[in-house]
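# sequence plus predicted model, see below.
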Amino acid sequence: MTQPMKPRDRKVKILATLGPASSTPEMIEALIRAGADAFRINMSHGEQADKVQLVETVRSMEQKLGRPTTIVFDLQGPKLRVGNFEGGSAMLMPGTMFVFDHDETPGNENRVELPHPELFAAARTGDRLLIDDGKVRLKIAAVEPGKIGAIVEVGGKVSNNKGVNVPDVLVPIPALTEKDRSDLQFALEMGADYIALSFVQRPEDVAEARELVGDRAGLLAKIEKPQAIERLDEILHLADAVMVARGDLGVELPPESVPPLQNRIVARARQLGKPVVVATQMLESMIVSPTPTRAEVSDVATAIYDGADAVMLSAESAAGQYPIEAVAMMDRIGCNIERDPVYAARIHFTETLPEETAADALAGAARSIATNLKVGAMACYTSSGSTARRISRERPPVKILTMTASDKVARRLGLQWGVHAVQTRDVASFEEMVAKAKRVALRHELAAAGERLVILAGVPFKTAGSTNVLHVVRVVGDELEKYKSE
C-alpha cells in the first residue's frame, strides 16, 4: 500500500498553472510536494496535443503520491482584436480622432480594421474602447454603419492584432467560440475535473456551457467582465465554482474598484457554498525574482483572510523562473495566516446562513462541536461531494476528511477549502463507515489516538444530499493496524 503524502498544514487550496516552466514529470511532482493542490491548463496557449502529456503526468503523480489532484481546463473565450497596420504598428496621439472600420487594408495613425461586426451594432456614443490591456484608451464620439469614430484619450503605440476591451458594452457574442467548443470536448475526453469558462457576461453563457458539459465536469465561471457583476447571483447559481479574474476586471474597471468587488464575489460565493478562486498577479514579481514583494504577500493574505477556497498562480508557475519557489511561498503564506489567532474570526465575518434543511443544520452543528471539543478532524463519506461542500461552507476549525469511492468526486473536491479527499472502497453500512473513518484519519495523520472525530453522513448510503446523521467518536491507536490489513 502506497504511503500517502501528509495532509497540508493549511486549509486554503493552491491552484497552479502549468506551462513551459512546469511541464516535466519532475517539475509537476516538485510542485505538488511544494504545495500545489490543483493544476490549471490554459487553452489560450499551445495545441491540444501538447496537453495530453500534462494530464497523463498529473494522473500518474496521483498514483505515486497517493493524493487526488484536480485539473482545471481554462477555455480561451472570444478575443476582440484590431486588424493589421502598415509597418506593423501605429502611434495614436491624444486628442485625435481614430476610426475603426471593416476595411481590411492595413491601418495607420488614423484608422484600422475592427473585424467584429457585433461591436458596431452594440457600441454607443460615450462608450470606452481600451486597447492592449488598457494602455491606449479611446472614447466613442460617433457610430455610423460600418464605422466607429473615437477620440484618443490616452495615446500610445498600437501594433497588429492587439486586444480590445469594451467595458461599457454587453457584447452580443457567445462565450464559447468554435475553438472553445473543440477545446471543451477535448478537455472532457481527457477527464477534466473543472472547465473554466471565460468571457462570462450573462447567466445564459453559463447555461450554454452547462448543456455541453452536463455532469461530466464542474463548471467554473470566471468573473472578468463588468456585465457579469450585475448578474452575479444568477451566474453563481448556475456555476459549480467561480474565479475572481482580477487581471481582466482591472482592465475594464478602475483598479481601486477591484478589491471591494473581490470581497463581494468571495462573500457571495461562500454564502452559496460555491468554491471561489482568487486569481491573477498574486505573486507576479516571482516570475523573475525568487522572493515576492511585501505588497504581494499581503494581497494573498487578504484573500485567505476573506475565506477564499483557493488562490491561483498564473505565469509565476507556468512561465516564471521560480515556479517551485512561488508555490512554496504561497504555501507558507497560507500556513502562517491560518495560524494567526484572529484568522478564525476573520473568515467568519461573512455570515453563511443555513438553508432550512437537515443537512445544513447538521453541518452548522458539527462546526460548533468541532469548535468546542478537542477534535482531530471532521469526517464524512460522500458519493456526490455535497456533504463535504456543506461542511466546508461552515469553515470549521479542523480539516475535513472526505472519503469517497469515486475518483471523480475526490478530484473535484480539490478546490474546496479544508477538504482532504481520500478515494477508498465503498462501504455498506454506517458502522463500517465510522470504523473506516477512524482508520483513515489515523493513516493520513488527521487525528491522533485519543482524539475525537465529528462524523457526518447520509443514511441510506449512496443517496446524494441525504446528510442526516451527526456522530462523535474517539479514535483508538489499534485502528491503524486494522487499516493496513485491508
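Received, thanks. Residues are numbered from 1 along each chain as shown.
# can you give me how far stretch 48-58 is from the chain middle?
20 Å (C-alpha atoms, centre = their mean, to the nearest Å).
# so what's residue 375 up against?
Neighbouring residues of residue 375 by C-beta atoms under 8 Å, 6 or more residues apart in numbering: 369, 397-398, 451-454. C-beta: built from backbone N, CA, C; applies to glycine.
# that one and residue 346, how far apart?
Applying C-beta to C-beta, to the nearest Å, the value for residue 375 to residue 346 is 21 Å.
# could you say which helix or strand holds the residue nearest the centre of the chain?
By C-alpha atoms, centre = their mean, the mean C-alpha position of the chain lies nearest to residue 277, the distance being 3.8 Å. Assigned by DSSP states H and E, residue 277 falls within strand 276-279.
# go through that strand and flag the buried ones.
276-279 (16 or more other C-beta atoms under 10 Å).
# pick the one among those residues closest to residue 69.
Distance to residue 69 across these (C-beta to C-beta) is lowest for residue 277, with 15.5 Å.
# just the pLDDT for the closest one.
Here, the pLDDT recorded for residue 277 equals 98.
# isn't it right up against residue 242?
Yes: if you go by C-beta atoms under 8 Å, residue 277 and residue 242 touch, sitting 7.3 Å apart.
# what do those two both touch?
Common neighbours of residue 277 and residue 242 (C-beta under 8 Å, 6+ apart) are residue 220.
# where does residue 311 sit: helix, strand or coil?
strand (DSSP: H, G, I helix; E, B strand; the rest coil).
# for it, give me its contacts.
12-15, 277-279, 282, 300, 303-304, 330, 334.
# want to throw those into JSON lines with secondary structure?
Shown next, in JSON lines, are the contacts of residue 311 (three-state DSSP):
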{"residue": "12", "secondary structure": "coil"}
{"residue": "13", "secondary structure": "strand"}
{"residue": "14", "secondary structure": "strand"}
{"residue": "15", "secondary structure": "strand"}
{"residue": "277", "secondary structure": "strand"}
{"residue": "278", "secondary structure": "strand"}
{"residue": "279", "secondary structure": "strand"}
{"residue": "282", "secondary structure": "coil"}
{"residue": "300", "secondary structure": "helix"}
{"residue": "303", "secondary structure": "helix"}
{"residue": "304", "secondary structure": "helix"}
{"residue": "330", "secondary structure": "helix"}
{"residue": "334", "secondary structure": "helix"}
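# top of those residues by neighbour count?
Most neighbours among those, by other C-beta atoms under 10 Å: residue 330, with 31 neighbours.
# element containing residue 441, please.
Assigned by DSSP H and E, residue 441 falls in helix 430-443.
# which stretches of the stretch 351-486 of the chain have low pLDDT?
Within the stretch 351-486 of the chain, the segments meeting pLDDT under 70 span 462-465, 477-486.
# residue 91 in helix, strand or coil?
strand.
# next secondary structure after the helix or strand harbouring residue 49?
Using DSSP H and E, residue 49 sits within helix 48-65. Downstream of helix 48-65, the next assigned helix or strand under DSSP H and E is strand 70-74.
# dump that next one to CSV, keeping only the CA atoms.
C-alpha atoms of strand 70-74 as CSV (Å, rounded to 0.1, in the frame of the first residue of the first chain):
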residue,chain,number,x,y,z
THR,A,70,-7.6,18.5,-9.6
ILE,A,71,-7.2,19.5,-13.2
VAL,A,72,-8.9,22.7,-14.5
PHE,A,73,-9.1,23.3,-18.2
ASP,A,74,-9.3,27.1,-18.8
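# sheet partners, orientation included, of that strand?
Sheet pairing of strand 70-74 (DSSP bridges) gives strand 38-42 (parallel), strand 194-197 (parallel).
# once you drop chain neighbours, what's closest to residue 239?
Leaving out its chain neighbours, the residue that sits closest to residue 239 by C-beta to C-beta, 6 or more residues apart in numbering is residue 221, at 3.9 Å.
# what do you get for residue 101?
residue 147 (5.0 Å).
# next up, the contacts around that neighbour.
Contacts of residue 147 by C-beta under 8 Å, 6+ apart are 99-101, 120.
# next: residue 302.
Taking C-beta under 8 Å, 6+ apart, one finds residue 259 in contact with residue 302.
# what's the pLDDT at it?
At residue 302, pLDDT is 96.
# so how far is residue 9 from it?
The value you get for residue 302 to residue 9, if C-beta to C-beta is used, is 20 Å.
# with residue 86 instead?
58 Å.
# where do the strands sit along the stretch 1-150 of the chain?
Defined through DSSP state E, counting those that start in this stretch, the strands belonging to the stretch 1-150 of the chain, from first to last, are 13-18, 38-42, 70-74, 89-92, 97-101, 111-113, 128-131, 136-144, 147-154.
# mind checking which of those is nearest residue 269?
strand 13-18 (13.9 Å).
# what does that closest one contact?
Contacts for strand 13-18 (C-beta under 8 Å, 6+ apart): 22, 28, 31, 35-42, 54, 70, 72, 277, 279, 309-318, 323, 326-327, 330-331, 334, 414-417.
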